[in-house]
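> Predicted model and sequence below, questions to follow.
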Amino acid sequence: MPLLALLFDLLLGDPPNRFHPTAWMGNLIAFLMRFRPRGNRFAELAYGVFILFVGVTLSVLTGITITQFISRITNYQLLITNHQLLITILTALALKLTLSLRGLDHAARDVQSALEADNLPEARRLLSWHLVSRDTSQLDESKVAAAAIESVAENASDGIVAPLFFFALGGLPAAFAYRFINTADSMLGYHDEEREWLGKVPARLDDLLNFIPARLAGLFIVLSAPFCGASLSQAWKIMRRDSNQTASPNAGIPMSAMAGALGVELEKLDHYALGKGLRLPTSKDLSRARRLLYFSVGFAALSFFILHPS
């Protein structure tokens, strides 16, 4: 099932936003934000919990509804010879909506192409548009490549490994619920006046849910290194040494594993330097990071298939 979902994601890509559940989740959060309280941190904190409650409830109910609808196909087994195969295909299609492998790879590839064409302004624009929220206007080529590689590693965890992990644990309801919480964190989990208290619970819950998937993603990157002409031992060493440098308790793990595997330093100015002392990355390293992405999520899909084979 996980491998089939990844295959569908690669073949089909993301549907238009009007049909994409993650876009619906974002629209729901934006709608609820219109009624948010202001000026009272405790009310804002409680409203953040309310947003989570509404969104997670609807996400779980959606997952249950889809699962039940698909399972009812078995009632027509006299009309459908390979009904179990059809159930598997439909479930994989639904799971595919929680994944972002093709979109992540294409976004990284676009930045890589701009760098290879010596079009730094376009590379900065694409990086900011698709992959990171930081200011990219002053980044040089190596910093653009580093930021893109970091995003590939981090999103491999929360955009692919984590949904597969929760699907293995609880099927579509769990995968959809995780996707909503992750979306809420990406929209609300900022330390600014507007969202400091509103997003505190979504951010902490997202940290908790990603604790295991992030460490699995780091391990899968380490294990993938030998298949991509990279260093397994150095990936393991840098992951253990540098993974606690980031503000997030999870993001530093796959990013530092990627830095070690590629043998490069991934630096975000005034925040962290993963793989410090290694060489600066180039567009070629972004290409290698994309290769590591495919191998690591492949390892993840195979592992979770063992947990959830049907």
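Right, received. Where do you want to start?
> any idea of the pLDDT on the residue nearest to the spatial centre of the chain?
Note on the chain: the residue nearest the mean C-alpha position is residue 159, at 1.8 Å, using Cα atoms, centre = their mean. Note for residue 159: predicted pLDDT of 93.
> What is the burial count for the nearest residue to residue 135 once chain neighbours are set aside?
Nearest non-adjacent residue to residue 135, counting by Cβ to Cβ, 6 or more residues apart in numbering: residue 128, 7.8 Å away. (Glycine included, C-beta is placed from N, CA and C.) Residue 128: 18 surrounding residues under other Cβ atoms under 10 Å.
> list the buried ones in the worst-scoring helix or strand of the chain on mean pLDDT?
The least trusted helix or strand in the chain, going by mean pLDDT, DSSP states H and E, turns out to be helix 83-96, with a mean of 86. Buried residues in helix 83-96, defined by neighbour count with 16 or more other Cβ atoms under 10 Å: 86, 87, 88, 90, 91, 92, 93, 94, 95, 96.
> likewise stretch 262-276?
Counting neighbours by 16+ other Cβ under 10 Å, the buried set in stretch 262-276 is 262, 263, 264, 265, 266, 267, 268, 272, 273, 274, 275.
> Relative to residue 226, how far out is the fourth one?
Just to be clear, that refers to residue 265. Going from residue 265 to residue 226 by Cβ to Cβ, to the nearest Å gives 21 Å.
> next SSE after the helix or strand containing residue 256?
Element membership for residue 256 (DSSP states H and E) is helix 252-262. Proceeding N to C from helix 252-262, the next assigned helix or strand is strand 266-268, under DSSP H and E.
> helix or strand right after that following strand?
Using DSSP H and E, the helix or strand that directly follows strand 266-268 along the chain is strand 272-274.
> Does that following strand pack against any helices or strands, and if so which?
Strand 272-274 is packed against helix 232-242, helix 252-262, strand 266-268, with contacts defined by 3 or more Cβ pairs under 8 Å, 6 or more residues apart in numbering; DSSP states H and E.
> Skip the chain neighbours and tell me the closest residue to residue 207.
Residue 207's closest residue in space is residue 249 (Cβ to Cβ, 6+ apart), at 5.6 Å.
> for residue 58, same thing?
residue 28 (7.2 Å).
> if I look at the one you found, how far off is residue 51?
Using Cβ to Cβ, residue 28 is found at 8 Å from residue 51.
> now the helices: where do they sit in the stretch 101-250 of the chain?
Taking DSSP state H, counting those that start in this stretch as the criterion, the stretch 101-250 of the chain carries its helices at 101-116, 120-130, 141-156, 162-188, 200-209, 211-224, 232-242.
> Report the distance from the shortest one to the chain centre.
Its chain's C-alpha centre lies 15 Å from the corresponding centre of helix 200-209 when counted by Cα atoms, centre = their mean, to the nearest Å.
> what inclination does that helix have with respect to helix 211-224?
Counting by axes from the mean of the first three to the mean of the last three Cα atoms, to 10 degrees, helix 200-209 lies at 40 degrees to helix 211-224.
> Show me what helix 200-209 is packed against.
Secondary elements touching helix 200-209 (3+ Cβ pairs under 8 Å, 6+ apart): helix 41-71, helix 162-188.
> Switch those over to a markdown table; also include distance to residue 253, mean neighbour count and mean pLDDT.
What follows is the helices and strands packed on helix 200-209, written out as a markdown table (distance: least, Cβ to Cβ, whole Å; neighbours: other Cβ atoms under 10 Å; pLDDT from 0 to 100):
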| stretch | distance to residue 253 | mean neighbour count | mean pLDDT |
| --- | --- | --- | --- |
| helix 41-71 | 24 | 16 | 94 |
| helix 162-188 | 12 | 23 | 95 |
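> can you tell me which of those comes nearest to residue 124?
helix 162-188 (21.0 Å; Cβ to Cβ).
> what packs against the closest one?
helix 2-12, helix 21-33, helix 41-71, helix 83-96, helix 200-209, helix 211-224, helix 283-307.
> would you turn the ones you listed into CSV with distance to residue 194?
Output for the helices and strands packed on helix 162-188, formatted as CSV (distance: least, Cβ to Cβ, whole Å):
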stretch, distance to residue 194
helix 2-12, 33
helix 21-33, 9
helix 41-71, 10
helix 83-96, 33
helix 200-209, 13
helix 211-224, 27
helix 283-307, 33
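> looking at the ones you listed, which is closest to residue 172?
The nearest among the helices and strands packed on helix 162-188, by Cβ to Cβ, is helix 41-71 at 3.8 Å.
> Packing partners of the closest one?
Under the contact criterion of 3+ Cβ pairs under 8 Å, 6+ apart, helix 41-71 touches helix 21-33, helix 83-96, helix 162-188, helix 200-209.
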